[in-house]
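please work out how this folds:
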Amino acid sequence: FDIECVAQYAQNTRERLPIIYVDDDAPDGGNGMSWETAFINLQDALNAAESTNGDVNEIRVAQGVYRPDRDFTDPNGSGNRSATFGLINGVVIKGSYAGLGEPEPNARDIDVYETILSGDLDGNDMGNLDDPSRDENSYHVVTGSQTDPNTILDGFIITAGKADGSDSDSDGAGMYNYEGSPTLIDCTFSANLAVRNGAGMHNSYGSPVLTNCEFRNNSAGNRGGGMYCYWSDATLSNCIFSGNSAVTGGGVRTYSSDSMLDNCTFSSNSATLGGGVYNYEGNPTLTNCILWGDTPEEIYVSSGTPVVTYSDVQGGWSGSGNNNIAVDPCFADSNSGDYHLKSEVGRWRPSIYTKLDPADDGFIDLVDFAVFASFWRDEGIEIPADLDNSGLVDLVDLRLLLDNYLADYSLGEWVFDDVNSSCIDMGDSTSDWT
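Numbering: from 1, shown residues only. Got it, this is the predicted structure:
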């Protein structure tokens with residue numbers, strides 16, 4: 001490992017280094033310039049990037065578990081609970097790469113190649129979030145203070161932070177942002193504990209932007225189990241808050257915040273007040289959101305004027321906003337954390353291609369065309385050959401069959417979420433929603 005080597009390379013080329021690589025399976029002594037010579041610890045890559053004074057553009061991190069107290073000096077960990085992965089202004093950090101030893105090291109999949117940033121410094125966590133085995137965990141796994149939106153964290157699981165110290169070390173166990181406005185994409189905050197506020201993420205005086213992020217099973221002793229926004233205007237799109245808890249604001253707690261939430265889902269969060277959302281002053285907006293199954297209520301307004309529009313709120317919403325409903329969203333499997341919505345027609349079907357594939361062999365061939373022809377021009381409900389659910393077997397259905405001829409499909413997958421949202425709804429052009 002040689003930070004000076006990285007810095008000298010950047011100085012000689014006078015160009016931004018395209019990529020620094022990190023892989024916990026790499027051999028010792030790497031310089032971070034390829035997967036074969038990757039840094040073993042993420043902290044070393046961050047130190048190297050910072051030393052180049054802006055010449056590093058991106059850090060790629062392979063699947064594995066990375067702890068903030070480990071670097072070249074302390075490969076087995078220093079045990080310093082104040083150690084944190086500090087984001088660097090303007091640097092993009094991407095996880096979920098296959099990494100060294102895989103056929104394609106640059107292959108990237110957040111489900112297959114999990115990249116975990118863990119505050120469990122001793123690697124011994126067990127039991128509940130307050131179990132003594134977690135007493136040595138990091139105060140803040142990640143810190144994004146004084147960063148701008150060009151600072152990106154993408155494709156990580158942030159877990160096992162325990163903010164039980166004094167002052168700011170009692171907030172933001174998963175991520176702590178002071179005057180920070182980083183961008184987060186495809187990140188999951190889970191099993192973080194803060195004795196005070198914002199167990200998953202604590203924001204003060206910043207404007208972070210989050211897309212496709214999840215907050216699951218985080219717990220705060222006071223405000224905001226999933227997230228706390230104090231004089232911060234966060235922007236959240238397609239995010240999920242599930243199983244979080246706090247005294248106020250199990251999912252999200254706002255304080256003088258004009259945060260914007262779009263296509264977000266709140267379920268199974270709990271608090272004394274505001275199981276889903278608790279608002280104090282400020283005017284946050286919730287659009288196209290689902291709040292269902294939180295206790296004791298979905299949204300609690302202490303003061304301020306939240307605006308809720310085109311959303312599904314259990315118990316209804318009588319505040320500002322319009323076009324809201326209070327109808328069971330029919331989650332696919334909320335007990336297992338699957339908050340896709342079931343199809344309205346027949347609710348859940350393993351795949352629409354069961355219509356195209358009456359032989360149920362996973363392959364669309366001439367056998368299926370023969371069955372299709374037997375229903376030609378038939379009218380009615382749930383006709384096997386009525387592929388677009390229009391009530392008539394016509395040329396539109398024939399085109400769907402032709403488009404998928406000789407295709408094979410694995411049944412039981414959500415194949416129609418073609419806008420990459422958190423649900424199957426009217427935004428999906430081929431969904432079953434009506």
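
distance-wise, check Phe72 relative to Asn53.
20 Å (CB to CB, to the nearest Å). Just so you know, the C-beta spots here come from the backbone N, C-alpha and C atoms, and that holds for glycine as well.

so the two - more neighbours on which side?
Phe72 (18 against 10; other CB atoms under 10 Å).

return the distance of that one relative to Met33.
Distance, Phe72 to Met33, by CB to CB: 15 Å.

how about Thr305?
Where Met33 is concerned, Thr305 sits at a distance of 53 Å (CB to CB).

who's more crowded, the two?
Met33 (18 against 14).

hmm, Ile20 and the more buried one touching each other?
Yes. Between Met33 and Ile20 there is a contact under CB atoms under 8 Å: 7.3 Å.

the helices in the stretch 301-434 of the chain, which residues?
Assigned by DSSP state H, counting those that start in this stretch, the helices in the stretch 301-434 of the chain fall at 353-356, 366-374, 395-403.

do the stretch 1-150 of the chain as well
Along the stretch 1-150 of the chain, the segments classed as helices by DSSP H, counting those that start in this stretch run 3-13, 42-51.

weakest of those helices in terms of mean pLDDT?
Comparing mean pLDDT across the helices of the stretch 1-150 of the chain, the lowest value falls on helix 3-13: a mean of 47.

adding mean pLDDT, mean neighbour count and distance to Ser168, write the helices of the stretch 301-434 of the chain out as CSV.
Formatted as CSV, the helices of the stretch 301-434 of the chain follow (pLDDT from 0 to 100; neighbours: other CB atoms under 10 Å; distance: least, CB to CB, whole Å):
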stretch, mean pLDDT, mean neighbour count, distance to Ser168
helix 353-356, 51, 21, 53
helix 366-374, 80, 14, 62
helix 395-403, 81, 14, 56
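
could I get these as TSV with distance to Ala385?
As requested, those are exported to TSV (distance: least, CB to CB, whole Å):
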stretch	distance to Ala385
helix 353-356	7
helix 366-374	5
helix 395-403	6
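
and of those helices, who's closest to Asn76?
For the helices of the stretch 301-434 of the chain, distance to Asn76 was read as CB to CB. The smallest value, 51.3 Å, belongs to helix 353-356.

got the contact list for the residue of the chain most remote from its centre?
Taking CA atoms, centre = their mean, the residue of the chain most remote from its mean C-alpha position is Ser374, at 45.7 Å. If a contact means CB atoms under 8 Å, 6 or more residues apart in numbering, then Ser374 has Ala385 as its contacts.

what do you get for Thr272?
Contacts of Thr272 by CB under 8 Å, 6+ apart are Val247, Thr248, Pro296.

touching, the first one and Asn222? I think so.
Pointing back at Val247 there. Yes. Using CB under 8 Å, Val247 is in contact with Asn222, at 5.3 Å.

count of neighbours near Ser303?
Neighbour count of Ser303, defined by other CB under 10 Å: 9.

which non-adjacent residue is nearest it?
Glu281 (5.2 Å; CB to CB, 6 or more residues apart in numbering).

give me the below-cutoff pLDDT ranges for the chain.
Scanning the chain for pLDDT under 70 picks out 1-17, 342-363, 381-382, 407-434.

state the distance from the residue nearest to the spatial centre of the chain to Glu50.
Centroid-nearest residue in the chain: Cys213, 2.1 Å away (criterion: CA atoms, centre = their mean). As judged by CB to CB, Cys213 and Glu50 stand 25 Å apart.

got it, and Asn324?
47 Å.

could you do Asn124 as well?
Taken as CB to CB, the span from Asn124 to Glu50 is 30 Å.

repeat for Arg108
Distance from Arg108 to Glu50, by CB to CB: 24 Å.

can you check Gly224 too?
Distance from Gly224 to Glu50, by CB to CB: 30 Å.

of these two, who's got more company?
Ranked by neighbour count (other CB under 10 Å), Gly224 and Glu50 place Gly224 first, with 37 against 16.

in space, what's closest to the more buried one - neighbours in sequence excluded?
Counting by CB to CB, 6+ apart, the residue nearest Gly224 is Arg253, at 3.5 Å.

bridging residues for the one you found?
For Arg253, the beta-bridge partners are Tyr228, Tyr278 (DSSP bridges).

also Asp338?
Note on Asp338: beta-bridge partners by DSSP bridges are Asp333.

am I right that it is in contact with Ala332?
Yes. Taking CB under 8 Å as the definition, Asp338 is a contact partner of Ala332 at 4.5 Å.

more neighbours, those two?
Legend: neighbour count by other CB under 10 Å for Asp338 and Ala332, higher for Ala332 (18 against 11).

doesn't Thr265 make contact with the more buried one?
No. Counting by CB under 8 Å, Ala332 stays clear of Thr265, with 11.7 Å between them.

shared neighbours of the two, anything?
Tyr339.

not counting sequence-adjacent ones, nearest residue to Asn217?
Closest residue to Asn217 apart from its sequence neighbours, by CB to CB, 6+ apart: Gly243 at 4.3 Å.

list the contacts of the one you found.
Per CB under 8 Å, 6+ apart, neighbours of Gly243: Arg216, Asn217, Ser268, Asn269.

so which of those residues wins on neighbours?
Using other CB under 10 Å as the neighbour test, these are led by Asn269, with 30 neighbours.

and that one, how far from Gly180?
Asn269 is 24 Å from Gly180, by CB to CB.

and the closest residue to Asn269 other than its chain neighbours, what element?
Excluding the flanking residues, the one nearest Asn269 by CB to CB, 6+ apart is Gly250, at 3.5 Å. Per DSSP states H and E, Gly250 falls between elements, in no helix or strand.

surely Gly250 and Ser267 touch.
No. Applying CB under 8 Å, one finds Gly250 not in contact with Ser267, separated by 10.5 Å.

now do the end-to-end distance for stretch 152-172.
Using CA to CA, to the nearest Å, the end-to-end distance of stretch 152-172 comes to 18 Å.

likewise stretch 196-214?
Start-to-end, stretch 196-214 (CA to CA) is 21 Å.

buried residues of it, list them for me.
For stretch 196-214, the neighbour count (16 or more other CB atoms under 10 Å) marks 196-204, 206-214 as buried.

so how far is Gln43 from Tyr21?
14 Å.

which one of the two has more residues nearby?
Shown here are Tyr21 and Gln43; by other CB under 10 Å, Tyr21 has more neighbours (26 against 23).
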